[in-house]
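*Asks:* Give the three-dimensional model of this entry:
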Amino acid sequence: MSATDEERLARLALSQIFEPGDYRIVGATAQLGGVKLLELLGTGEHDLPAVDVAERLRSVDPWQQLEIGQRSGMRYVVPGDDEWPAQIDPLDEVTPLYERTGAPIGLWVRGPLSLSSLARSVAIVGARAATTYGADVASGIAADVGRAGFTIVSGGAYGIDIAAHRGALASGVPTVCVVACGADRVYPPSHRRLFDVLAREGAIVSEQAPGAAPTRLRFLSRNRLIAGAALGTVVVEAGRRSGARNTATWATRLSRSVMGVPGPVTSGASEGVHRLIRSGEATLVTCGAEVLEIVGGMGEYLLNEEPAPSLPRDQVTLNEQRVLDAMPAGTGARLDAIAKASGISIILVEGALRVLAGRGLVTLAGDGWRLTPVALQRSSTAAS
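*Replies:* Model (predicted):
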């Protein structure tokens, strides 16, 4: 199944007239379809005084845009195509943020990976000025989640974004990069090698026309697509004000899972993440297994919490514990001294010592009873 050429061209034309995510147009496009809406705009039947639609329509050539994109190895995907990611459609129901909302009119895709792979995907975003800790965690989570069959989504930026893409690629798992410029451009320019690999093995996705430059508003608009494409969004390092927190806000509005990786409490790079966790907007995660437990199907990735290793001292009775506590760590102790310090009768102390000796926790030496190295290991139930 595929959208008609007429609908594809109409949406291409609309994408050249309006900025992506323009809340005034996305809803009408979803309800009327591109062909009908373009027809109404051409007749002047609209209420968009700030946009000279007629003038812009005269300068639009969707066929030319399609040919330019195809020469760069791109395709234009619209609703009705087999690979259209239906999970982004609920964006049409989200209230505007920075005057942006709604599912995209269409998506330029560069790379062989089908957007249908986004049906099982996780977004990983975070600070551009990432620390080594943050980059390592992002890369590790991307690899673990990707190997479990999820596509990794991020934005191709410095820091956490590129770490997530690299973690996925290094593990041979699919990754999608959503950009705020044309899908044929490399931004930032220093990431050309990564983008070349994505174009060969993954997918670079954009609402922008080929050659379009990135702007602040386009980044904000792009963030809604990252959140909308994924089942859940993981934030690894984010300042108090950051694009990653903006992406988390979109995920929250879509009722998608938001997860946050904690960092040092003294790190400004993690301040935004800590606020998300503290407010309850994000669930604390520390590894890929915990992410999978949240985004997976019911019972699909249950995380078995391993208890602390059991030590011989964990199994003692109350009286035996009192005897152990009464014994000095570095010297031997006589039976009567242990009884006095523990508050237990000599008979009970003697019986407890023999049991403890059998477990290798105490030994009788020339200067009295001594604790063994085994007994000096900290009990998992000991008070801190």
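
*Asks:* Ala135: what's it in contact with?
*Replies:* Taking CB atoms under 8 Å, 6 or more residues apart in numbering, we find Ala135 in contact with Gly159, Ile160, Ala163. Glycine gets a C-beta too; all of them are placed from N, C-alpha and C.

*Asks:* which secondary structure elements does the host helix or strand of the last one contact?
*Replies:* Counting by DSSP states H and E, the secondary-structure element that holds Ala163 is helix 160-170. With contacts defined as 3 or more CB pairs under 8 Å, 6 or more residues apart in numbering; DSSP states H and E, the secondary structure elements packing on helix 160-170 are strand 121-126, helix 132-147, strand 151-154, strand 175-178, helix 192-201.

*Asks:* Give me the distance from the longest one to the chain's centre.
*Replies:* What it means is helix 132-147. Centroid displacement of helix 132-147 relative to its chain, using CA atoms, centre = their mean, to the nearest Å, is 10 Å.

*Asks:* Please work out which of the helices and strands packed on helix 160-170 is packed deepest.
*Replies:* Most buried of those, by mean neighbour count (mean count of other CB atoms under 10 Å): strand 121-126, with a mean of 31.

*Asks:* Mind giving me the packing neighbours of that one?
*Replies:* Applying 3+ CB pairs under 8 Å, 6+ apart, one finds that strand 121-126 contacts helix 132-147, strand 151-154, helix 160-170, helix 216-229, strand 232-236, helix 243-253.

*Asks:* so what strands line up beside that strand?
*Replies:* Using DSSP bridges, strand 121-126 pairs in its sheet with strand 151-154 (parallel), strand 232-236 (parallel).

*Asks:* partner residues bridging the most centrally placed residue in the chain?
*Replies:* The chain has Val234 as the residue nearest its centroid, 2.0 Å off, counting by CA atoms, centre = their mean. When assigned by DSSP bridges, Val234 has beta-bridge partners Ile124, Met259.

*Asks:* right, and Thr175 touches Leu198 too?
*Replies:* Yes: using CB atoms under 8 Å, Thr175 makes contact with Leu198 at a distance of 6.9 Å.

*Asks:* Mutual contacts of those two, please.
*Replies:* His165, Leu169.

*Asks:* thinking again about what came up before, can you check which of the strands paired with strand 121-126 gets nearest to Thr95?
*Replies:* When the strands paired with strand 121-126 are compared by CB to CB, strand 232-236 sits nearest Thr95, at 18.4 Å.

*Asks:* relative to helix 132-147, how tilted is that closest one?
*Replies:* Interaxial angle of strand 232-236 relative to helix 132-147 (axes from the mean of the first three to the mean of the last three CA atoms, to 10 degrees): 160 degrees.

*Asks:* Perfect, that will be all.
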